[in-house]
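Colleague: Quick check, what structure comes out for this input:
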Amino acid sequence: MSSDGPRYGLVDREYGIRLATTSPSDDGPVWMVNLMKYREVADYVDGRKTAISGQEADDLYSPIDSLTAVGAEIVFLGDVDQQLLGDNTVWDRIAVVKYPTRRSFIEMQSRPEFQESHKHKDAGMDKTIVMGCQPLTIPRASDMGSANRSDVPHPSTKGDGPVVVLHVLRFEDMESGVQTPAYMEAYQSVAAGVASKHGVRVSGWFTVEGTIIGDGREWHQVRFNQFPSKAAFKAVVADPTRLKAQHDHRETAIADTYTMVVQPKVDQLRESIQD
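Modeller: Here you go, the predicted structure:
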């Protein structure tokens, strides 16, 4: 990427310095959550004529060799099926890459093969948010759930398979040192019980330690919940007990959010946290 930064977002240089300078004794794995919106047609800065889509250009970018070289791996990848909450930006694809250390994320940027392939990402990407995250403790009831169970009200079927619902959250009046505000804790204690009855499984909940590329907004948490089916998700959303808790607690807690239904192609989030 150029010294002026990428065209698809603002770089948080302070967080970038933290990623690059964390001492080995304090460093460790970081999960980079990527929200991606593509250009309709790829736009290369060298002026080349092309008819490929932005997503096709990003597929050409696919930095698997560079990720492997620094010990990183893609642990979640999925296409957005439906965006339920958020501003005018409608995201197309979600990916999560687990890096063995914060420094390894920076090291990858300097690899020649990464820099060469980045022209495709620059051509294809309209906007992106990339958040550095750490695992968050999840509710006990949802932790015990399994999205593959057949004894739930709306199990997976051939025509309605598992989906992941992603929440990107910024809370009101977030206190320093608090992972989840009290209003959100009150909501999730109710929601977890409802979700468990429908076989919901937490793929991964994360706290955001920094946003390396974005639009200047601060985010606090990212949550991935796997449902057996869209029908199961709709049933949880419509549950009157959950709806009351949402009105009484969740809406008070949240200042900004993206909520979307994602069709997963890769979902190893849970396993990546337990490693």
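
Colleague: which stretches of the stretch 101-250 of the chain form strands?
Modeller: Ranges of strands within the stretch 101-250 of the chain are 125-135, 163-171, 201-214, 221-227, based on DSSP state E, counting those that start in this stretch.

Colleague: Could you tell me which residues make contact with the spatially most central residue of the chain?
Modeller: The centre of the chain sits closest to residue 33, judged by C-alpha atoms, centre = their mean, with a distance of 4.1 Å. Contact partners of residue 33, counting by C-beta atoms under 8 Å, 6 or more residues apart in numbering, are 94, 95, 96, 130, 131, 133, 168, 206, 208, 222. The way it works is simple: take the backbone N, C-alpha and C, and place the C-beta from them, glycine included.

Colleague: I'd assumed residue 215 was in contact with the fifth one.
Modeller: No: checked against C-beta atoms under 8 Å, the pair residue 131 and residue 215 is beyond contact range at 11.9 Å.

Colleague: circling back: for the contacts of residue 33, give me a markdown table that also has distance to residue 62.
Modeller: Formatted as a markdown table, the contacts of residue 33 follow (distance: C-beta to C-beta, whole Å):
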| residue | distance to residue 62 |
| --- | --- |
| 94 | 15 |
| 95 | 10 |
| 96 | 15 |
| 130 | 16 |
| 131 | 20 |
| 133 | 22 |
| 168 | 24 |
| 206 | 23 |
| 208 | 25 |
| 222 | 22 |
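
Colleague: Give the ChimeraX command for selecting the buried subset of those residues.
Modeller: Buried residues within the contacts of residue 33, by 16 or more other C-beta atoms under 10 Å, are selected in ChimeraX with:
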select :94,95,96,130,131,133,168,206,208,222
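
Colleague: And the furthest pair within the contacts of residue 33?
Modeller: 95 and 208 (15.7 Å; C-beta to C-beta).

Colleague: Grab the nearest non-local neighbour of residue 42.
Modeller: Nearest non-adjacent residue to residue 42, counting by C-beta to C-beta, 6 or more residues apart in numbering: residue 57, 3.8 Å away.

Colleague: so how many other residues sit close to that neighbour?
Modeller: A count of nearby residues for residue 57, using other C-beta atoms under 10 Å, gives 23.

Colleague: secondary structure class for it?
Modeller: What DSSP: H, G, I helix; E, B strand; the rest coil gives for residue 57 is helix.

Colleague: What are the neighbouring residues in contact with it?
Modeller: Residue 57 is in contact with 38, 39, 42, 44, 50, 120, 121, 123, 124, counting by C-beta under 8 Å, 6+ apart.

Colleague: I'd like to know the average pLDDT value across stretch 232-242.
Modeller: In this model, stretch 232-242 has an average pLDDT of 97.

Colleague: Stretch 178-192 too?
Modeller: The average pLDDT within stretch 178-192 is 93.
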